[in-house]
Every structure is written in structure tokens, then in C-alpha cells.
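**Student:** take a look and give me a structure for this.
(one chain, ligands or ions: 1)
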Amino acid sequence: MFNMSFTDEQKDLQKMVRQFTQERVFPEAKELDRKGEFAKDLFKEAVELGINCMNAPEEYGGPGLDSVTCVLLTEELAKGDVGFATTLAANGLAAYPVLLAGTAEQKQRFFDIINQGKLAAFCLTEPNAGSDAGSVATKARRDGDEYVLDGTKCFITNGGLADVYTVFATVDSKKGVRGLSAFLVERSRPGVSVGKEENKMGIRTANTAEVILQNVRIPASNLLGREGGGFKIAMNTLDISRPVVAALGVGLGQAAIDLCTKYAKERVQFGKAISTFQAIQFLLADMAIQVEAARWLTYRAAYLRDVGQPFTKEAAMAKTMGGDVAMKVSVDAVQIFGGYGYSGEYPVEKLMRDAKILQIFEGTNQIQRMVVAGQLLK
Ligand code: COS
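**Tutor:** Residues are numbered from 1 along each chain as shown. Below is the predicted model:
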């Protein structure tokens, strides 16, 4: 059963984040995108609003938001700038391995860092471990009361700015996915450094960087869960965070609709507003149908997680739909704006550039389809 209505608290938070997005995020986004710059001031404001790490539990000083509330707020932020929304979502992504497998002491340590207004990053991807997440080559060698980590992570959101990382490394590469283990790694550990920062097509306000681990010694107490349990932690984490990525697509898609409906009523051709032409109306209608479908798949996947039902398939469906819809709708938005849509002076070309990553990160949409098919056929 899917019986969803939003609480007053959820509606209040949604209103607050909508206002923050309209008044602060959207107006700043264009220039920050042009410069490819992280929104430092906006992030500070997000910390003040208490939305910098939405899934941080109340007992550790966070807002303790459930998955439905996280997707509602992420959708609002994404209307203003998907890069900024991704920055905040990446904090939540990094927190899930700690929430899923960490001890109370590890949670305390992790959220103490977050509560100082610092960033976190989830370090799974490597140059040769993208879709094939199980082939992580970063090594973790046990040495007495410590582990020694060696390897390079790439395309890490918040990688260059984070003060704490959740890192996946193998304790025994012969064991494949069963060798993977998850670790909490503070940025301050000797041997942790930041490599290349990506100059990206879209989400240019989000920081994406290599994280290099050279002979990094961490106490054995930084192991999250058990040795060899890392792959399950990573998969469970991605299941939970995929609806959040879907929400990025929903917010982006809604922004495209809002901009296009306004523009179509203002833009006059052949003596009439282009909104009176059926060719434009059908484009707008299809945009609205797709975004609404993506929205409810997203809410439903988050809801299933909150009520403790299986949601792996629904999370992958939502992520696929959110990313594909964002891409389609943003391309159509550029079409409706015509030549102006292709110009950097208008906001829709940014949507198109930002949308593309949603079909790629947190598991490509081909991987999501594998997950859906795997669930159907099992
Ligand atoms: N939840 C819990 N367990 C899961 C799981 C999930 N969603 N998906 C897989 N597993 C388990 C399997 O049940 C299996 O366990 P057992 O051997 O005990 O049965 C184990 O993990 C290995 O699963 P599988 O054989 O399916 O692993 P693969 O190496 O074939 O990889 C995919 C599976 C492709 C789904 C995985 O590698 C993946 O998600 N890739 C995309 C990674 C990604 O999203 N990267 C984004 C970067 S992070 S922003």
C-alpha cells in the first residue's frame, strides 16, 4: 500500500528550503557555474538552516530526517542548482555507511566533524572500478592495531573539500567483493591528499576530485562493520541514496517546466505567445507528465525505505526515471527557448548540462536497469 501525505513539519521544511533556493541558491548559481566554483557562502547558510547533512540523527546533533523528507528537500534545492544540491546530498551519502555499520563511538566522531560545518565524501569509485564497484583496488593492510590504506579514488563529490571520508578498500583482492571493507578516514591523517579536481560539463558548483591515499595509517577502530562487509555496506548505501539522486532529477525537471511555462507565455512569434501553439503545449504537457511520474516513483522508493519494506528495485527505478526525465525535459526546455535556450544568458542550457550526470553517477542508468531486471528475475 502507498498511502502518502506529508506532515506539517515536512511541509514547513519544504517551504523553508524553497524560499532559500529561490532567494539565495538560484540567483547565485549562474555565476558560480560559470566560474566552476563551490558555493562556500551558500553552504554556510545551509549549515545554519540545519540541512547540510539531512540524515544526521538528532542524537548526534543533526535534523534526523527520514528518506521522504530528504527527497522532498533535495528536490527543492535542485530547482535552484543541482550542483549545490549534490554537495549536500554527498554529505548524506558519506554518512550512510557510518549510520548503517558504525558503532556509537564512530557515529559520534563522524558527526562531530559534520557538526562543525565540515564536508564529507563517499569514496568508492576508482579509475578501474566504476560500474564494476566490486573491483576496487585500494588496499587495506592490517598492521597491529592499525590499517594501512593505499590507493586512488576518483570522481569523488566533495573530495577536495571534505574533512572526513568513508573509504572502500580491499583487505584481500583475491576475495573479490567479499574482500571489500569500509573505513572512516579523517582528512587530517598523514598520507591523505587531494589530486586532480575535475573541470566538468555540469554540476560545476559541486567539487569533484581525486582522493589519494598513500600509506595512510588509521586505527583499527576506524573499520566500519566487519572486514569483508564493505560491499554490502556500499550497496545498501547506494540503495538508500538513489532516491535522493532521483529527486535531483525531479527538481531539475520542475525547474525546466517552470522556466518554460513562463517563457512560452511571454515569447511572441507569428503575432501570438508561443504558449498558444499546440506544438509547444504538447512539449510542455509531456514534460509535466514525465516529471510527475518521476516524482512519485521517487517519493514511493523513499517511503518504502522509511516503512522498512524492500526498496532496492524501486530505488533503481526512481534513479533511472529521475535521470532520464531530467535529461529529456532539459533538452526540450532548450528547444522551447530556441536560439535563446542555447545561449549562456538564459538558464536552460545549464539545466541540460547539469542533467547529464544524473544518468551517470551513483550507478549509471544501465546499471540501474540491471538492478531492476535482477530483482524481477530473482
Ligand atoms: N543490497 C544488498 N546486497 C546486495 C545488493 C543490494 N542492493 N546488490 C548486490 N548485493 C550483494 C549480492 O546479494 C551478493 O551477495 P551474496 O554473494 O552474498 O549473494 C553480493 O552483493 C555481490 O553481488 P553481485 O554479484 O550482484 O555484484 P556485482 O559485482 O555483479 O555488482 C552491481 C553488482 C553492478 C549492482 C554493483 O557493482 C553496482 O551497484 N555498481 C554500480 C556502482 C555505483 O553505483 N557506483 C557509483 C559510485 S558511488 S557515487
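
**Student:** stretch 204-221 vs the ligand: in contact?
**Tutor:** No. Using Cβ under 6 Å from any ligand atom, stretch 204-221 stays clear of the ligand, coming no nearer than 10.6 Å. Backbone N, C-alpha and C define where each C-beta goes, glycine included.

**Student:** quick check: buried residues in that stretch?
**Tutor:** Across stretch 204-221, burial judged by 16 or more other Cβ atoms under 10 Å covers 204-213, 216, 218.

**Student:** residue contacts, the closest residue to the ligand within the chain?
**Tutor:** Nearest residue of the chain to the ligand: residue 363, at 2.9 Å (Cβ to the nearest ligand atom). Residue 363 makes contact with 131, 238, 242, 316, 319, 371 under the criterion Cβ atoms under 8 Å, 6 or more residues apart in numbering.

**Student:** closest one of those to residue 88?
**Tutor:** residue 242 (16.0 Å; Cβ to Cβ).

**Student:** so residue 46 sits in a helix?
**Tutor:** Yes. If the criterion is DSSP: H, G, I helix; E, B strand; the rest coil, then residue 46 is within a helix.

**Student:** tally of neighbours for it?
**Tutor:** Using other Cβ atoms under 10 Å, residue 46 has 24 other residues around it.

**Student:** in space, what's closest to it - neighbours in sequence excluded?
**Tutor:** residue 52 (4.8 Å; Cβ to Cβ, 6 or more residues apart in numbering).

**Student:** got the contacts of residue 363 as TSV, with secondary structure and distance to residue 306 columns?
**Tutor:** TSV is the format used below for these (DSSP: H, G, I helix; E, B strand; the rest coil; distance: Cβ to Cβ, whole Å):
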residue	secondary structure	distance to residue 306
131	coil	28
238	helix	17
242	helix	14
316	helix	17
319	helix	17
371	helix	20
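
**Student:** what about residue 34, how many neighbours?
**Tutor:** Residue 34, neighbours per other Cβ under 10 Å, totals 12.

**Student:** I meant to write residue 15 there.
**Tutor:** As a measure of burial, residue 15 has 11 neighbours, counting by other Cβ under 10 Å.

**Student:** how close does it sit to residue 222?
**Tutor:** Look at residue 15 and residue 222: by Cβ to Cβ, to the nearest Å, they are 40 Å apart.

**Student:** so can I have a markdown table of the buried residues of stretch 204-221 showing secondary structure?
**Tutor:** Output for those, formatted as a markdown table (three-state DSSP):
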| residue | secondary structure |
| --- | --- |
| 204 | coil |
| 205 | coil |
| 206 | coil |
| 207 | coil |
| 208 | strand |
| 209 | strand |
| 210 | strand |
| 211 | strand |
| 212 | strand |
| 213 | strand |
| 216 | strand |
| 218 | strand |
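
**Student:** what are the phi and psi angles of residue 183?
**Tutor:** Backbone torsions for residue 183, taken as degrees, to the nearest 10, come to phi -140, psi 150.

**Student:** just give me the neighbour total for residue 274.
**Tutor:** 20.

**Student:** helix, strand, or coil at the residue nearest to residue 46?
**Tutor:** Residue 52 ends up coil, using three-state DSSP.

**Student:** for the ligand, what are the nearby residues on the stretch 151-300 of the chain?
**Tutor:** Looking at the ligand, the residues of the stretch 151-300 of the chain close enough under Cβ under 6 Å from any ligand atom are 177, 231-232, 235-236, 238-239.

**Student:** list only buried entries from those residues.
**Tutor:** The buried subset of these - by 16+ other Cβ under 10 Å - is 177, 231-232, 238-239.

**Student:** so where's the chain shaky on pLDDT?
**Tutor:** The chain contains residues with pLDDT under 70 at 1-3.

**Student:** let me know the outermost residue of it.
**Tutor:** Here the chain reaches farthest from its C-alpha mean at residue 271, the gap being 43.7 Å by Cα atoms, centre = their mean.

**Student:** quick revisit: the residue nearest to residue 46 contacts residue 88, doesn't it?
**Tutor:** Yes. Taking Cβ atoms under 8 Å as the definition, residue 52 is a contact partner of residue 88 at 6.1 Å.

**Student:** what is in contact with these two at once?
**Tutor:** Taking Cβ under 8 Å, 6+ apart as the contact rule, residue 52 and residue 88 both touch 43, 46.

**Student:** residue 86: what's it in contact with?
**Tutor:** Per Cβ under 8 Å, 6+ apart, neighbours of residue 86: 157, 203, 206, 248, 357.

**Student:** quick one, strands of the stretch 51-200 of the chain?
**Tutor:** All strands of the stretch 51-200 of the chain, identified by DSSP state E, counting those that start in this stretch, fall at 120-123, 139-143, 146-157, 164-170, 180-186, 192-197.

**Student:** mean neighbour count and distance to residue 343 added to those strands, as CSV?
**Tutor:** Converted to CSV, these look like this (neighbours: other Cβ atoms under 10 Å; distance: least, Cβ to Cβ, whole Å):
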stretch, mean neighbour count, distance to residue 343
strand 120-123, 29, 34
strand 139-143, 16, 49
strand 146-157, 22, 28
strand 164-170, 28, 39
strand 180-186, 25, 44
strand 192-197, 15, 27
